[in-house]
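**Student:** sequence first, then the predicted structure, then my questions.
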Amino acid sequence: MISRILAAIALIALGACSSGGGSDTDPPATPPPSSTPTPGSLQFVLDSVTVNETAGIAAVQVERSGGQDGIVTADVVFIAQSAGISDVSLDVTAVSFGDGDNAAKDVAFTVIDDSETEGNETFAIELGNPGGGATLGAVASAAITIVDNDSVAPTPSAGFAINDTGVSLCATGLETGIACDAAGATSDYPGQDAER
């Protein structure tokens, strides 16, 4: 019976050592290392882009750099300049990057091809209101130029005028061998006499 008691005491002592209640020589438990999340910053890849008026859908890209921890977002805002909502529509109003995601994201916009001769037009797209701990990078705005595809009507050169039929006729010199003030000029080019 004493041997059973001694065996039971030995088992109890052995269990106490293996459950962490052991000697003073055991090293203290080390807490797991903590890391500070690095969400990164968001910015446009390019600060300016040129597209043709016939482009249809075009895009600029937003990149995430300096970290990829957590889900981050930013608003995308259209800033009208000489191009307004009749010339372009923004197809995206926010960008989002998932945890661990640093692949560039497209910010799409649609260029509206009109028949107006208006020259090149510009607008801007800006990032704002970053979320998830992200910050905005150095290129938080992209300038977009739309190259007009509509021809400018020809301007008559000095000494020439355009008649009602669109035919050029001289006003002060000779063209096709007919003097501008000759009687034949009005018969060959109807309506021209009022424009001399």
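**Tutor:** Cool, the structure landed. The model shown is predicted, which means the values in this text are computed figures rather than measured ones.

**Student:** for the nearest residue to residue 134 once chain neighbours are set aside, give me its contacts.
**Tutor:** Excluding the flanking residues, the one nearest residue 134 by Cβ to Cβ, 6 or more residues apart in numbering is residue 72, at 3.7 Å. All C-beta spots, glycine's among them, are computed from the backbone N, C-alpha and C. Contacts for residue 72 (Cβ atoms under 8 Å, 6 or more residues apart in numbering) come out as 39-40, 42, 64, 96-97, 130-134.

**Student:** out of these, which comes closest to residue 148?
**Tutor:** Nearest to residue 148 among the contacts of residue 72: residue 42, at 31.6 Å, using Cβ to Cβ.

**Student:** hang on, isn't the closest one packed against residue 138?
**Tutor:** No: judged on Cβ atoms under 8 Å, residue 42 makes no contact with residue 138 at a distance of 11.0 Å.

**Student:** more neighbours, those two?
**Tutor:** Counted by other Cβ atoms under 10 Å, residue 42 and residue 138 do not tie: residue 42 has more neighbours, with 27 against 8.

**Student:** wait, residue 123 sits on residue 77?
**Tutor:** No: Residue 123 is beyond contact range of residue 77, at 10.8 Å (criterion: Cβ under 8 Å).

**Student:** so which of the two has more stuff around it?
**Tutor:** residue 123 (21 against 15).

**Student:** who does that one bridge with?
**Tutor:** Note on residue 123: beta-bridge partners by DSSP bridges are residue 80, residue 144.
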